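>>> With the input below, show me the fold.
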Amino acid sequence: MSWTVDATDWTRQLSSPLHDGNNPKSLRASIAAAISMSLSLTTAGRLGFFIDYSELETVGTHNFYVTRTHGSQGAVGCTWTAYDSADGAQLATGSLSWANHSLDVLSFQVPVTSKPAGDHRVYVLLSNPTGGAALHHGEHTVAYGIIDDDTIATSNAIFIDADAATNGTGTQASPYNNWYSARDALLVTDRYIYIKGLMIPDTTDGSAPSARVTAKHFGLKTTFDGRTSEAQRLVIRNWPNFVGGITGNGDTDTAGFLLDGASIYTDNIRYVTFKKLSVLDIENADEGSFFLRTKGGAGVIDNITAENITIDGLIAGRTSAIAVWYSEEGSNFKMWRWDVKNTDYSTDEPSNLHAFQCYRTYNVSIQRCTFHPTAGGAYEKEGIAGEAKVGMSLRFNVFDGPQVQFSTQGGIQSQDFQIIQNNIFSNVFEPPAFSTLLEFTMSSTNTTSTKQLVSNNVFYNYDNNFSLTVTRVGWAGFIIYNNIFHEVDRGWRFSAGTTPPEYADYNLFQNEIRQNDIDFFLLGPDAIPDLQTLKSSTSYEANSTALNYTQLKRATQLPSRLRMLTNKLI
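Numbers count the residues shown, from 1 in each chain. Below you'll find the model as predicted:
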């Protein structure tokens, strides 16, 4: 493995925009060369965006970053094309290429010199992969460039003031005072719903939009049907310079937004963004509560994003299938910059504690989210058979206690590709709430998964068992490199009958008690042999340009310290 880092201080430049939730700025343009890396892996691999968003506060230049994962065999390439979301006009296009064994993070720029009032969005699509490579999310491999200068678009916009004494006409001067009036007035040509104050769900929707949800909630119904492109994307967001969102207001029978295209209604709900919304004290004592629930099948509930969402208080009474975001049978989701805290799932079963749950859902990207203690982690269960796409990608997230789990059941579905990269996994519970921090499991031997990438993560302060476990057969093609195991009891375990990793090396560990324990990574009679070299001195030496190991050992202000250190690695 070889490393070439631009002369600019990569850690200083990269750590702030990726881990400071209060800093909306994009990666600096001065990081022009990104990072070069060479690694010998089988297959041509997959191409996709390393970072989903570029965020600016005024007109300027967006920087986009594209990487190669899951393989490095041969020379590959692709085309990128940038469009203006307002009208779909093409802004720029270009090509990217990777040499044999290259896993470089490549970059390109898209300048924006002017914008109208409101958010300005650029979207960039990858296409035409060459050399046998595939795109991460097929034709939906997309990243966004956003300029949010707190200006307000007054045309093609609906306004809600939840605290208004009377219900108006939906204009900025005379806003509605509830969600339901705004929802029913929505046209396909509308681009914004601005919300001021915290809306309280009532019985207007009740159980009508879906037999699955009987709690008071906000339904997205027929008026949301008919959006077929990014040029028609609807942004549901806070009224700039005001708090906007939802609250249960002490009621124990409340939930959030329901996007349901497969029950009583058969609407196609596509190209909808939830942005800068606050969620306070949603509670449902009898069934699963949620901020966002999506149900409807691939192509029915599609191209949904939720950006800069704050969850502070959610209580659910069910013991399973509960989550802040719960998805069934949808496709193409981006969850960006969530902050999830003060959630209570009212269950003693740790496997149910997941803030994000995805069933038979693919093309899911979760980036820059923070999951506080008791918030719950992320759970992908049952992929879409035959899609050959990335089921769930996790990058630059902080799991401060919760678990991430990939699972299948019944032998009816498969999970093809997963990405777990540049995340922080730590434990704050004594004893730990989970038996492992990152788990891959299956309830049937008939399911298969193609390749899993686990790299550049930090596993910290976990003394219960293994940080990463593969507990059932069917998982194949693990690529595990450049992970940091700091004060954890064990590294990873592949149980009996499982397939050894395709590649595993350049992983660092530090544990004062188990410093010389030959079973740090593998334990028990079912351990896969010949993998103990993974913690050899050669591994440390190879990483010397990427991480000051002695500095890691001295780090006491964790996990914030490790959030910076992990960005030395790609």
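>>> I'd like to know how far residue 260 sits from residue 296.
Look at residue 260 and residue 296: by C-beta to C-beta, to the nearest Å, they are 6 Å apart. Heads up, the C-betas are built off the backbone N, CA and C, glycines and all.
>>> err, residue 49, not the other one
25 Å.
>>> go on, residue 204?
From residue 204 to residue 296 the distance is 21 Å (C-beta to C-beta).
>>> the more surrounded of these two?
residue 296 (24 against 16; other C-beta atoms under 10 Å).
>>> List the contacts of the nearest residue to residue 336 once chain neighbours are set aside.
Leaving aside its chain neighbours, residue 336 sits nearest to residue 307 (4.5 Å; criterion: C-beta to C-beta, 6 or more residues apart in numbering). By C-beta atoms under 8 Å, 6 or more residues apart in numbering, the contact set of residue 307 is 53, 146, 273, 274, 275, 276, 334, 336, 337.
>>> For the stretch 151-300 of the chain, give me the ranges with low pLDDT.
Along the stretch 151-300 of the chain, segments meeting pLDDT under 70 span 206-213, 261-267, 285-289, 297-298.
>>> right, and residue 401 touches residue 426 too?
Yes - contact criterion C-beta atoms under 8 Å: residue 401 and residue 426 qualify, at 6.8 Å.
>>> returning to what we had before: which neighbours do residue 260 and residue 296 have in common?
Counting by C-beta under 8 Å, 6+ apart, residue 260 and residue 296 have no common neighbour.
>>> returning to what we had before: okay, and the residue nearest to residue 336 sits in which element?
Residue 307 is located in strand 301-316, with elements delineated by DSSP states H and E.
>>> List the strands paired with that strand, with their directions.
Strand 301-316 pairs in its sheet with strand 269-275 (parallel), strand 278-284 (parallel), strand 331-344 (parallel), by DSSP bridges.
>>> Mean neighbour count and distance to residue 120 added to those, as TSV?
Below are the strands paired with strand 301-316 laid out as TSV (neighbours: other C-beta atoms under 10 Å; distance: least, C-beta to C-beta, whole Å):
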stretch	mean neighbour count	distance to residue 120
strand 269-275	23	13
strand 278-284	22	23
strand 331-344	22	17
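>>> Reformat those as TSV; add distance to residue 70.
Listed next are the strands paired with strand 301-316 as TSV, based on distance: least, C-beta to C-beta, whole Å:
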stretch	distance to residue 70
strand 269-275	28
strand 278-284	35
strand 331-344	19
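>>> Against residue 249, how distant is residue 45?
50 Å.
>>> check contacts around residue 395.
50, 51, 365, 366, 367, 368, 419, 421, 422, 423.
>>> how about 7 Å then?
Listed by C-beta atoms under 7 Å, 6 or more residues apart in numbering, the contact partners of residue 395 are 367, 419, 421, 422, 423.
>>> Please apply the same query to residue 93.
Neighbouring residues of residue 93 by C-beta under 7 Å, 6+ apart: 79, 80, 81.
>>> 6 Å instead?
Contacts for residue 93 (C-beta atoms under 6 Å, 6 or more residues apart in numbering) come out as residue 81.
>>> Next, the buried residues of the host helix or strand of it.
Secondary-structure element containing residue 93, defined by DSSP H and E: strand 90-98. For strand 90-98, a neighbour-count test (16 or more other C-beta atoms under 10 Å) marks 91, 96, 98 as buried.
>>> Could you name the helices and strands sitting against the helix or strand following that strand?
Following strand 90-98 in sequence order, the next helix or strand is strand 105-112 (DSSP H and E). Packing partners of strand 105-112 (3 or more C-beta pairs under 6 Å, 6 or more residues apart in numbering; DSSP states H and E): strand 60-69, strand 90-98.
>>> contacts for the one helix or strand residue 181 maps to?
Using DSSP H and E, the element containing residue 181 is helix 179-185. For helix 179-185, the external contacting residues (C-beta under 6 Å, 6+ apart) are 158, 160, 167, 170, 176, 193, 199, 204, 218.
>>> Alpha carbons of it, in PDB - could you do that?
The C-alpha trace of helix 179-185 is given here as PDB (Å, rounded to 0.1, in the frame of the first residue of the first chain):
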ATOM      1  CA  TRP A 179     -49.400  20.800   7.800                       C
ATOM      2  CA  TYR A 180     -52.600  19.400   6.400                       C
ATOM      3  CA  SER A 181     -53.700  22.600   4.600                       C
ATOM      4  CA  ALA A 182     -50.300  23.000   3.100                       C
ATOM      5  CA  ARG A 183     -50.200  19.400   2.000                       C
ATOM      6  CA  ASP A 184     -53.600  19.500   0.300                       C
ATOM      7  CA  ALA A 185     -52.700  22.700  -1.600                       C
END
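>>> In the stretch 451-570 of the chain, where is pLDDT below threshold?
Confidence mapping of the stretch 451-570 of the chain against pLDDT under 70 gives the ranges 462-466, 471-474, 490, 496-497, 509-570.
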